[in-house]
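1. model this:
(4 chains)
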Number of protein chains: 2
Amino acid sequence: MSGLTAKGAATKARIVRTATDLILERGVGGMTLDEIRAGTATSKGQLFHYFPDGKRDLVAAIAEFQSGRVLEAQRPWLDQLDSWESWYGWRDAVVAHYRTLTHLHCSISALITELTPADPALAATVAAHADRWFDHLAAGVQKMRAQRLIHPEADPERLALMVFTALQGGLLVMQAHNAIEPLEAALDGALLALRSHRI
Amino acid sequence: MSGLTAKGAATKARIVRTATDLILERGVGGMTLDEIRAGTATSKGQLFHYFPDGKRDLVAAIAEFQSGRVLEAQRPWLDQLDSWESWYGWRDAVVAHYRTLTHLHCSISALITELTPADPALAATVAAHADRWFDHLAAGVQKMRAQRLIHPEADPERLALMVFTALQGGLLVMQAHNAIEPLEAALDGALLALRSHRI
DNA sequence: GCTCTTCTGGACTGGCGGGTCCATTTTTTG
DNA sequence: CAAAAAATGGACCCGCCAGTCCAGAAGAGC
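-> Sure thing, here's the model as predicted:
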């Protein structure tokens, strides 16, 4: 009844994938439905058939998809982060992932920033995905503390926030400079700061 | 001849100031010439009289203005940064400045990121202002090394980049969360990382 | 005063892009 | 196979917004 044929699902997925690449390359403002249409060999009708709320639905789907993809690239390290080795492994995985994508222009935090003034509700939806990322880091710091690898007095939330902001800053400047060094410097700095809380 | 009356200069300045506030609040995409017009009690004619290239000129002027304002808020610390005290003083000055502006949505790096896909040339112009900021940090790190407060083997450019990315990340997440903590955590982390290179 | 320049107001245009609508084709279901 | 549901194509509409144009007001210089 309220179905979605295999064919339909495929089309929907195709749209999301193309739209994701487009939004990463051009930003929210630079992504037009017409380009998506052209890039996927679909029609306006289909776009609104699968994403009734238009651009809003589309952006939400993109955030979900891209969030999953980015998190995936950080596994298995992101789920561990319970030893110094795994933190460094994580760092390397992140750098390796983005090294192949330096021409992209739109990290998740940048997306949120761009969205907030125009559509706070949608921005909040997207922000939930950023929070997932943050939560992994926070869980990691917790584990480190539980294992007495970092000082018990250290505030795990605060430390995770520090790592997260460094990461996002690294991505942002990486995009602005179209170079990987900023990301590397940012992550190295974050881990150095984290290490200075070791016992 | 190629004059600019006192009255004209005042109008131009008024436009820049209002436009700056607008762009910080709504982002580049959300800033319309009509809103600027309304906010400054001017007309389309004047906008294009003072900024012949329209939005491009305007954005460049905004970047210049805002860059000056932000740098100003960090003085005198930003010119020193030659002792640990001055780095912490700088940190506090930055936090204090942005504490009054947490509802703003558009840091300079975010601006660059948003601009790059649409207008790379303009983005480069804006990036020059970000570089000024970075240069101050790099000079500071140099001084610290010259005074043997940090390890001679440390790469000053890299360390400055680390601080800069942390700062930008702090601003970005601050905007996304509309809270000051991310900025504080980011700067504390950066200084901690910097300190771990002390002799 | 006159003239030339700068400043101002606002009507107008043109295109872009999001979103609507419906007719047609394809697939599922029974 | 027939009917219903889902998928597709694309023409159309409409509002928004950057940018144009020009006529007229206000100053500067003489």
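
2. CA atoms for contacts and neighbours, from now on please.
-> Fine.

3. next, see if the host helix or strand of residue A:87 gets close to chain B.
-> Residue A:87 belongs to helix A:84-99 when assigned by DSSP states H and E. No - Helix A:84-99 lies apart from chain B when judged by CA under 8 Å from any CA of the partner chain; the minimum separation is 14.4 Å.

4. residues in contact with that helix?
-> The contact list for helix A:84-99, computed with CA atoms under 8 Å, 6 or more residues apart in numbering or on different chains, reads A:73-75, A:77-78, A:80-81, A:180, A:183-184, A:187-188, A:191.

5. could you give the mean pLDDT of it?
-> Mean pLDDT, helix A:84-99: 98.

6. other residues contacting stretch A:187-199?
-> Contact partners of stretch A:187-199, identified using CA under 8 Å, 6+ apart, comprise A:87-88, A:91, A:148-151, A:154, A:159, A:162-163, A:166-167, A:170, B:162-163, B:189-190, B:192-194, B:196.

7. list the residues that contact residue A:152.
-> Contact analysis of residue A:152 by CA under 8 Å, 6+ apart lists A:145-146.

8. does it count as helix, strand or coil?
-> When classified by DSSP: H, G, I helix; E, B strand; the rest coil, residue A:152 comes out as coil.

9. so what pLDDT did it get?
-> So residue A:152 comes in at 96 (pLDDT).

10. what of the one 4 residues further on?
-> Looking at residue A:156, its pLDDT stands at 97.

11. packing partners for the helix or strand containing residue A:10?
-> Using DSSP H and E, residue A:10 maps to helix A:6-30. Taking 3 or more CA pairs under 8 Å, 6 or more residues apart in numbering or on different chains; DSSP states H and E as contact, the helices and strands that helix A:6-30 lies on are helix A:33-40, helix A:55-73, helix A:108-118, helix B:108-118.

12. give the buried residues for that helix.
-> Using 16 or more other CA atoms under 10 Å in any protein chain shown as the test for burial, helix A:6-30 gives A:11-12, A:14-30.

13. what does it contact?
-> Against helix A:6-30 from outside (CA under 8 Å, 6+ apart): A:31, A:36, A:39-40, A:47, A:50, A:58, A:61-62, A:65-66, A:103-107, A:111, A:114-115, B:29, B:114, B:117-118.

14. which of the residues you listed come close to DNA strand D?
-> Residues of the contacts of helix A:6-30 in contact with DNA strand D (CA under 7 Å from any atom of the strand): none.

15. write out the residues of chain A neighbouring DNA strand D.
-> Within chain A, the positions adjacent to DNA strand D are A:1-9, A:11, A:41-46, A:49 by CA under 7 Å from any atom of the strand.

16. tell me how many other residues crowd residue A:53.
-> For residue A:53, the neighbour count with other CA atoms under 10 Å in any protein chain shown is 11.

17. that one looks like it's in a strand, true?
-> No - the assignment for residue A:53, made by three-state DSSP, is coil rather than a strand.

18. who wins for proximity to residue B:175 among the helices and strands packed on helix A:6-30?
-> Evaluated with CA to CA, the helices and strands packed on helix A:6-30 place helix A:108-118 nearest to residue B:175, the distance being 6.6 Å.

19. the helix or strand following that closest one to helix A:108-118, inter-axis angle?
-> Scanning forward in sequence from helix A:108-118 by DSSP H and E, the next helix or strand is helix A:120-146. Helix A:120-146 and helix A:108-118 meet at an angle of 140 degrees, taking axes from the mean of the first three to the mean of the last three CA atoms, to 10 degrees as the criterion.

20. what about helix A:120-146 and DNA strand C, touching?
-> No - taking CA under 7 Å from any atom of the strand as the criterion, helix A:120-146 and DNA strand C are apart, separated by no less than 12.2 Å.

21. list the buried residues of that helix.
-> A:122-124, A:126-127, A:129-130, A:133-145.

22. then stretch A:84-100?
-> By neighbour count on 16+ other CA under 10 Å, the buried set for stretch A:84-100 is A:86-95, A:98.

23. now, which of those sits nearest DNA strand C?
-> Distance to DNA strand C, by CA to the nearest atom of the strand, is smallest for residue A:98 among the buried residues of stretch A:84-100, at 26.5 Å.

24. from the residues of chain A next to DNA strand D, list the buried ones, please.
-> Among those, the ones that count as buried by 16+ other CA under 10 Å are residue A:11.

25. of the residues of chain A next to DNA strand D, list those near DNA strand C.
-> Taking CA under 7 Å from any atom of the strand as the test, DNA strand C is in contact with A:5-7, A:44-45 out of the residues of chain A next to DNA strand D.
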